[in-house]
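need a structure here:
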Amino acid sequence: MRKPVGIIGGGNIGEALIAGVIQSGLLSPEEILFFEPRVDRRDYLRGKYQALSAKSNVDLVTRSPIIILAVKPQSVPEVLPEISRSMRKDHLLISICAGVPLDYLQSFCPLPVRMVRAMPNIPALIQKGATALAPSPNAQAEDLSTAEAIFQAVGITVIVKESLMDAVTGLSGSGPAYVFAVIEALTVGGVKEGLSQEAALALTTQTVLGAAHLIQSTGKHPATLRDQVCTPGGTTISGLYAMEEGGFKLALMNAVIAATRRSKELGEALQKPISTAPPGRTKPVGGKGSSQKSG
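As a prediction, this is how the structure comes out:
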């Protein structure tokens with residue numbers, strides 16, 4: 001892996017990546033360069049992880065062959081024109097800007113750029129994340145391997161077509177919030193039946209964690225494991241019947257569908273014509289990306 005790795009943006013995911021690559025041993029603090037405009041946040045990251053702080057986004061790009069763009073989607077039209085003229089053909093740009101297609105990023109760059117689009121989720125903060133990766137057409141095999149190594153330091157990775165990244169956002173990007181809602185609801189149910197808040201939350205959290213680990217360790221389909229818990233006329237099947245009556249599964253499926261749709265809408269809105277053409281363009285960028293948002 002070419003070094004140092006530069007991270008533009010010091011928010012939650014930016015910090016998760018800094019922590020993950022250091023704790024995994026993939027990179028040392030001296031091999032990580034970051035830029036965060038907020039002085040207090042920049043001082044915090046530098047003090048906690050001993051990573052190197054760049055003077056500016058442009059300074060970071062000129063010093064880093066691998067750049068991770070970890071900014072809010074609405075900041076892309078501001079950041080990309082700033083750094084694009086400093087980018088070389090051998091740069092690798094890894095974008096974790098939710099809902100921002102690769103061709104939109106490329107539209108700000110006068111030269112072709114090797115890129116990988118990534119969609120991590122919030123459990124990356126504790127190295128339990130799930131990240132989908134989609135390479136650009138001109139990305140090389142080593143670029144995808146580099147992106148995999150970085151994000152495997154904070155969880156698991158899967159490779160998908162870029163056209164499926166909105167679905168990834170709706171499922172795993174937004175998914176932790178759905179699980180938090182499920183844990184909250186199960187906890188309230190336990191409290192309703194007499195358990196203390198503390199006991200109900202502890203039991204619920206471990207139950208969800210254990211069930212997820214069981215799927216991972218056995219490789220069995222969730223329906224198969226569900227049937228192993230159910231006995232004819234028993235408590236579990238009664239609970240599942242009540243869930244079906246309440247539309248539980250349909251509600252979760254609709255949540256993924258709605259979040260996917262919203263991700264597409266946000267991406268399309270971002271790409272509406274702008275008044276000033278970015279570097280390397282003679283007219284404003286507009287229209288949808290050829291391929292297709294964390295929420």
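
give me the phi and psi for the residue minimising distance to the centre of the chain.
The residue lying closest to the centre of the chain (C-alpha atoms, centre = their mean) is P120, at 1.9 Å. Summarising the backbone geometry of P120 under the convention degrees, to the nearest 10, its torsions are phi -90, psi 180.

show me what contacts it?
Taking C-beta atoms under 8 Å, 6 or more residues apart in numbering as the contact definition, P120 lies against I13, A16, I96, G129, A130, T131, F151, V154, G155, G173, S294. (C-beta placed from N, C-alpha, C; glycine too.)

please look at the third one and A118 and confirm they touch.
In this case it means I96. Yes: here I96 reaches A118: they are 4.8 Å apart, a contact under C-beta atoms under 8 Å.

which residues do these two both contact?
Common neighbours of I96 and A118 are not found (criterion: C-beta under 8 Å, 6+ apart).

the stretch 51-200 of the chain: helices as residue ranges?
Remark: helices of the stretch 51-200 of the chain, listed N- to C-terminal, are 57-63, 76-83, 102-106, 141-152, 165-168, 175-192, 197-218; assignment by DSSP state H, counting those that start in this stretch.

can you give me how far the second one is from the chain middle?
Read that as helix 76-83. On the basis of C-alpha atoms, centre = their mean, to the nearest Å, helix 76-83 sits 20 Å off its chain's mean C-alpha point.

hmm, back to that, need the winner for burial among the helices of the stretch 51-200 of the chain.
For the helices of the stretch 51-200 of the chain, average neighbour numbers computed from mean count of other C-beta atoms under 10 Å are highest in helix 165-168, which has a mean of 26.

picking up where we left off before, separation between the residue nearest to the centre of the chain and L203?
29 Å (C-beta to C-beta, to the nearest Å).

what do you get for I7?
Between I7 and L203 the computed distance is 38 Å (C-beta to C-beta).

for R42, same thing?
41 Å.

OK, contacts around E15?
If you count contacts by C-beta under 8 Å, 6+ apart, E15 has them with L45, L125.

count of neighbours near E265?
For E265, the neighbour count with other C-beta atoms under 10 Å is 13.

tell me which helix or strand it sits in.
Element membership for E265, per DSSP states H and E: helix 248-270.

quick one: average pLDDT of that helix?
Taken as a whole, helix 248-270 has an average pLDDT of 93.

got the CA positions of that helix in PDB?
Extracted C-alpha coordinates of helix 248-270, given in PDB (Å, rounded to 0.1, in the frame of the first residue of the first chain):
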ATOM      1  CA  PHE A 248     -43.200  -6.400  11.400                       C
ATOM      2  CA  LYS A 249     -41.400  -7.900   8.400                       C
ATOM      3  CA  LEU A 250     -43.200  -5.700   5.900                       C
ATOM      4  CA  ALA A 251     -42.400  -2.600   7.900                       C
ATOM      5  CA  LEU A 252     -38.700  -3.500   7.800                       C
ATOM      6  CA  MET A 253     -38.700  -4.200   4.100                       C
ATOM      7  CA  ASN A 254     -40.500  -0.900   3.500                       C
ATOM      8  CA  ALA A 255     -37.800   0.900   5.600                       C
ATOM      9  CA  VAL A 256     -35.100  -0.400   3.300                       C
ATOM     10  CA  ILE A 257     -37.100   0.500   0.200                       C
ATOM     11  CA  ALA A 258     -37.900   4.000   1.500                       C
ATOM     12  CA  ALA A 259     -34.300   4.700   2.500                       C
ATOM     13  CA  THR A 260     -33.000   3.400  -0.900                       C
ATOM     14  CA  ARG A 261     -35.500   5.700  -2.700                       C
ATOM     15  CA  ARG A 262     -34.400   8.700  -0.500                       C
ATOM     16  CA  SER A 263     -30.800   8.000  -1.200                       C
ATOM     17  CA  LYS A 264     -31.500   8.100  -4.900                       C
ATOM     18  CA  GLU A 265     -33.400  11.400  -4.500                       C
ATOM     19  CA  LEU A 266     -30.600  13.000  -2.500                       C
ATOM     20  CA  GLY A 267     -28.000  11.900  -5.100                       C
ATOM     21  CA  GLU A 268     -30.100  13.300  -7.900                       C
ATOM     22  CA  ALA A 269     -30.600  16.600  -6.100                       C
ATOM     23  CA  LEU A 270     -26.900  17.000  -5.500                       C
END
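
many thanks, have a good one.
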